[in-house]
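*Asks:* Sharing a sequence plus its predicted fold:
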Amino acid sequence: VQLVESGGGLVQAGGSLRLSCATSGFIFDYYAIAWYRQAPGKEREGVSCASGGGGSTSYADSVKGRFTISRDNAKNTAYLQMNSLKGEDTAVYYCAAPLSCEGYEHFQTHWGQGTQVTVSQ
């Protein structure tokens, strides 16, 4: 099982980034896909989740209306479109594949390297 995040970078406040999560080694559409982030000195938090079919999505209150999760089951890849970025969005972003989005915020796994997002004020 492998999940590899990419697409992070340095962006000015108000800007946009699109993160990608390329996966392999499991049946992608059997699982939900979720994004998490961890800012320096803070605990990892759940950001967003999409069900296996992509028909159901969840978002943390802090990103609602600004971030959009999507998945391409044909490509075994998930995305996180991040708009109107703020300084408090600065963090390392990770993706993971919980069985469902219920309680995804508390999902624990062996985390990958993630991708750094830095938003300058």
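*Replies:* Happy to help now that I have it.

*Asks:* thinking Y59 is in contact with E45, fair?
*Replies:* No - assessed by Cβ atoms under 8 Å, Y59 is found out of contact with E45, at 11.7 Å. Using the backbone N, CA and C atoms, a C-beta is placed for each residue, glycine as well.

*Asks:* Comparing the two, which residue is more hemmed in?
*Replies:* The neighbour comparison of Y59 against E45 (other Cβ atoms under 10 Å) goes to Y59, with 17 against 14.

*Asks:* quick one, what contacts the closest residue to the more buried one other than its chain neighbours?
*Replies:* Closest residue to Y59 apart from its sequence neighbours, by Cβ to Cβ, 6 or more residues apart in numbering: S48 at 4.9 Å. For S48, the contact set (Cβ atoms under 8 Å, 6 or more residues apart in numbering) comprises A34, W35, T57, S58, Y59, A60, V63, F67, I69, L80.

*Asks:* which of the residues you listed are buried?
*Replies:* Buried members of the contacts of S48, scored by 16 or more other Cβ atoms under 10 Å, are A34, W35, T57, S58, Y59, A60, V63, F67, I69, L80.

*Asks:* just to revisit the earlier point, mind checking how far the residue nearest to Y59 is from G41?
*Replies:* Distance, S48 to G41, by Cβ to Cβ, to the nearest Å: 22 Å.
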